[in-house]
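Enquirer: Need the 3D shape of this:
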Amino acid sequence: MKRLLKLDKFVDWIQPLHEIAIENTGLTDFGEDKSYLTGLRVLLESQDQYSDLHSPLHYAPKLVHELEQRLKAEQAFKNRPEILDIEIKKPLVITGMVRTGSTALQYLMARDPNRQHLQYWLSERPQPRPPREEWDDHPDYQATVERINRIYSNAPESKSMHYMEAWLPEECGHLMAQTFTDEYWQICSKVPHYNEWYEKCDMVPTYKQHKKLLQLISANESEKPWTLKYPVHLKHLKSFLKVYPDAQVIWTHRDPASVLESYTTMNAVSRGLSCRPETIDRDDLLKEQMEVWADATERAYDIRKQFPEAQFFDMHFTDYMADPVGMAKKAYDYFGIDWTPDVDQALNQWNDDNPQHKHGKAKKEPLSLTHSQINERFTPYIKQSGVFIKE
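Expert: Take a look at the predicted model:
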């Protein structure tokens, strides 16, 4: 990695990053679709314009990791070309604004033994899912366990904000990071140039890669339907539904002020892991993400109108918190998914064993805007969703 420090600009890293990934894996094929290079270039250009990283090399391991995973995925497709013929039918997708209870819902629904979900370690290192009894001794699984432990060691408060385990389900962000089009890059550092490009870019190539990686992970149990979750899919709903036109979408809702109150704190902690403390501006984080998500919800409602209403199920945070299993069953019934006795038992057991705040209660810091000021920016969303406004 130190060879990168000899270069004058971040954007000059592109070729060396590829060379390091090739050296580390012994592979050379990054895939026919080179659109991922655009996201990588814009991201590095943003660091050249303004960098708040505590070390220039902070990005490097993550960038190399994503390139390595592209190489390994392409080799897997060559080894087993039939993987790309696997159908991803009617994926059940949980999305909505951040901090709307979607993670709790995902963890609950992932207990369904009749469906498959995206385990954290496989999201980081996509490969055909091995039998469960092999995971603990798998070097990739162990690497993910170590990485999560480092996060909790460096930022203990993050455990109460977004609890993670290598075996638990994870969002789709790691898959999307392979094309360098994901909110991770805008959260871990201030990159206005990248933000402007990312929020408007064509995400179809990203979701095509996303689908290929789901095919890869499900290669050993392709008959099981998928349950996925990622708030970011709401931002890019048009592209998502172009690649997954029969998706069944659970849209989670919560009053925007509560969302941003929680999200700003989480973002400040996340950015603190990678950036110089004096560069972290909570007010800037709040206003940036307020605009991002206000625009996202308006776009998503416009896209939703172009699809059958039967593809969307609205789940409000207050309703979910009052009856988690009951709301999961309502979603299943709405989409015609079988709610079998083993599903009922598994979800109720998880719910009993995992009460709210089991891993601690996240602290909230005062915001520079009032709840009323934040919610005013979301007036179109509030009217369309009928979300309960917390006074």
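Enquirer: going forward, measure contacts and count neighbours with C-alpha atoms only.
Expert: Will do.
Enquirer: Chain neighbours aside, what residue packs nearest to Leu71?
Expert: Leaving aside its chain neighbours, Leu71 sits nearest to Phe30 (5.0 Å; criterion: CA to CA, 6 or more residues apart in numbering).
Enquirer: Repeat that for Pro366.
Expert: Glu261 (7.8 Å).
Enquirer: wait, doesn't that neighbour sit right on Leu367?
Expert: Yes: the pair Glu261 and Leu367 passes the contact test of CA atoms under 8 Å, sitting 6.8 Å apart.
Enquirer: Looking at those two, which has the bigger crowd around it?
Expert: Glu261 (21 against 17; other CA atoms under 10 Å).
Enquirer: could you say which helix or strand contains the more buried one?
Expert: helix 256-272 (DSSP states H and E).
Enquirer: Please work out how many residues are found near the residue nearest to Leu71.
Expert: When neighbours are counted by other CA under 10 Å, Phe30 registers 20.
Enquirer: For it, which three-state class applies?
Expert: State at Phe30, reduced to three classes by DSSP: H, G, I helix; E, B strand; the rest coil: coil.
Enquirer: and it, how far is that from Cys275?
Expert: Per CA to CA, to the nearest Å, Phe30 is found 30 Å from Cys275.
Enquirer: How about Gln289?
Expert: Gln289 is 18 Å from Cys275, where distance means CA to CA.
Enquirer: ok, these two, which is more surrounded?
Expert: Cys275 (21 against 17).
Enquirer: pretty sure Arg271 contacts Arg282?
Expert: No: counting by CA under 8 Å, Arg271 does not reach Arg282; the two are 10.2 Å apart.
Enquirer: In terms of neighbours, single out the busier of the two.
Expert: More crowded of Arg271 and Arg282, by other CA under 10 Å: Arg271, with 22 against 17.
Enquirer: Distance check, that one against Glu291.
Expert: For Arg271, the distance to Glu291 - CA to CA - is 19 Å.
Enquirer: thinking again about what came up before, tell me which other helices or strands the helix holding Glu261 touches.
Expert: helix 158-161, helix 184-187, helix 282-304, helix 371-377 (3 or more CA pairs under 8 Å, 6 or more residues apart in numbering; DSSP states H and E).
Enquirer: same thing but 7 Å
Expert: Packing partners of helix 256-272 (3 or more CA pairs under 7 Å, 6 or more residues apart in numbering; DSSP states H and E): helix 282-304, helix 371-377.
Enquirer: Run the angle between it and helix 282-304 for me.
Expert: 120 degrees (axes from the mean of the first three to the mean of the last three CA atoms, to 10 degrees).
Enquirer: Now do helix 256-272: everything it contacts.
Expert: Taking contacts as CA atoms under 7 Å, 6 or more residues apart in numbering, the residues outside helix 256-272 that touch it are 98-100, 161, 187-189, 280, 282, 285-286, 364-365, 367, 371, 374-375.
Enquirer: can you give me the strands in this structure?
Expert: Assigned by DSSP state E, the strands in the chain fall at 92-96, 116-117, 226-229, 248-253, 312-316.
Enquirer: Those strands into TSV, with extra columns for mean neighbour count and distance to Gln345?
Expert: Supplementary listing: the strands of the chain in TSV, determined by neighbours: other CA atoms under 10 Å; distance: least, CA to CA, whole Å:
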stretch	mean neighbour count	distance to Gln345
strand 92-96	24	20
strand 116-117	25	17
strand 226-229	22	18
strand 248-253	23	22
strand 312-316	19	22
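Enquirer: that older thread, run a quick check on the residue nearest to Leu71 versus Gln69, I expect a contact.
Expert: No: counting by CA atoms under 7 Å, Phe30 sits too far from Gln69 to count as a contact (9.0 Å).
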